[in-house]
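1. Curious how this folds, go ahead:
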Amino acid sequence: MRRLQGVDERIAFVYLAVGSVLGFVAQLPGLVRRAQLSDPEFEALLTEESARVGVAIPTDMADAKFEALFSGAVMAWIFIVPIAFYGLAFVSHIGARLLGGQGTGLRARAALFWSFLAVMPGLLLLGLTVGFVGPGPAQAVVFSITLSGFFWIWLNSLYVAERPHV
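-> Alright, predicted model coming up:
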């Protein structure tokens with residue numbers, strides 16, 4: 001984070017954009033796995049929605065489920081996650097200011113977005129674990145390590161961002 005002291009808004013946004021795209025890619029193995037599993041409630045909802053809209057469902061229900069899951073993941077990772085991260089950066093900057101922080105909003109955003117990008121290998125491993133191993137202890141361990149790593153990097157980066165003399 002010390003090397004990012006002179007970062008501008010464009011670079012911070014690139015960190016977030018790349019992290020969002022990679023986060024979406026990390027979800028793909030899990031989406032494929034979920035589409036292959038039997039889920040009568042989800043299948044009924046898809047059938048009902050396609051009848052209401054007047055769109056034909058592919059002959060393979062797994063394809064229809066994957067398309068629905070894929071479009072939801074695109075919406076979440078490309079549109080909603082960036083907005084949520086901007087909000088989280090704002091709240092963290094305000095919280096740091098209340099605790100005596102002297103940084104700027106840009107530096108708080110750069111700290112959060114960089115931390116998100118820094119834990120991307122763990123998030124990609126989590127996606128592979130979800131897709132190939134499925135729910136269980138392995139997924140829990142990878143998730144816990146990735147989440148802990150994110151908070152560790154983010155809090156340390158936020159400290160550096162809010163304390164310019166450090």
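
2. Of all the helices and strands in the chain, which has the lowest average confidence?
-> Least confident helix or strand, the chain: helix 40-53 with a mean of 85, by mean pLDDT, DSSP states H and E.

3. other SSEs contacting that helix?
-> When contacts are defined as 3 or more Cβ pairs under 8 Å, 6 or more residues apart in numbering; DSSP states H and E, helix 40-53 sits against helix 61-74. (Glycine included, C-beta is placed from N, CA and C.)

4. Contacts for the helix it packs on next, please.
-> Helix 61-74 has contacts (Cβ atoms under 8 Å, 6 or more residues apart in numbering) with 24, 27-28, 31-32, 34-36, 39, 42-43, 46, 50, 57-58.

5. now do 6 Å
-> Residues outside helix 61-74 that contact it (Cβ atoms under 6 Å, 6 or more residues apart in numbering): Phe24, Gln27, Leu31, Ala35, Gln36, Glu43, Leu46, Ile57, Pro58.

6. Give me the neighbour count for the fourth one.
-> By that I understand Ala35. By other Cβ atoms under 10 Å, the residues close to Ala35 number 20.

7. ok, for it, nearest residue in space, not its chain neighbours?
-> In space, and not counting its chain neighbours, Ala35 is closest to Phe66: 3.8 Å by Cβ to Cβ, 6 or more residues apart in numbering.

8. now swap in the fifth one and tell me
-> Residue nearest to Gln36 in three dimensions, not counting chain neighbours: Ala62, with 5.5 Å by Cβ to Cβ, 6+ apart.

9. gap between that neighbour and Ala68?
-> 11 Å (Cβ to Cβ, to the nearest Å).

10. ditto for Gly54
-> Distance from Gly54 to Ala68, by Cβ to Cβ: 16 Å.

11. do Gly105 as well
-> Computed as Cβ to Cβ, the Gly105 to Ala68 distance reads 37 Å.

12. Can you give me the pLDDT of His165?
-> pLDDT recorded at His165 is 65.

13. can you pull the alpha-carbon coordinates of the least confident helix or strand of the chain into PDB?
-> Presented in PDB, the C-alpha positions along helix 40-53 are these (Å, rounded to 0.1, in the frame of the first residue of the first chain):
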ATOM      1  CA  PRO A  40     -36.900 -29.200  -8.500                       C
ATOM      2  CA  GLU A  41     -37.800 -25.900  -7.000                       C
ATOM      3  CA  PHE A  42     -35.400 -24.000  -9.200                       C
ATOM      4  CA  GLU A  43     -36.400 -26.000 -12.300                       C
ATOM      5  CA  ALA A  44     -40.100 -25.200 -11.500                       C
ATOM      6  CA  LEU A  45     -39.300 -21.500 -11.200                       C
ATOM      7  CA  LEU A  46     -37.500 -21.600 -14.600                       C
ATOM      8  CA  THR A  47     -40.400 -23.400 -16.300                       C
ATOM      9  CA  GLU A  48     -42.900 -21.000 -14.800                       C
ATOM     10  CA  GLU A  49     -41.000 -17.900 -15.800                       C
ATOM     11  CA  SER A  50     -40.400 -19.200 -19.300                       C
ATOM     12  CA  ALA A  51     -44.100 -19.900 -19.800                       C
ATOM     13  CA  ARG A  52     -45.000 -16.400 -18.400                       C
ATOM     14  CA  VAL A  53     -42.500 -14.700 -20.700                       C
END
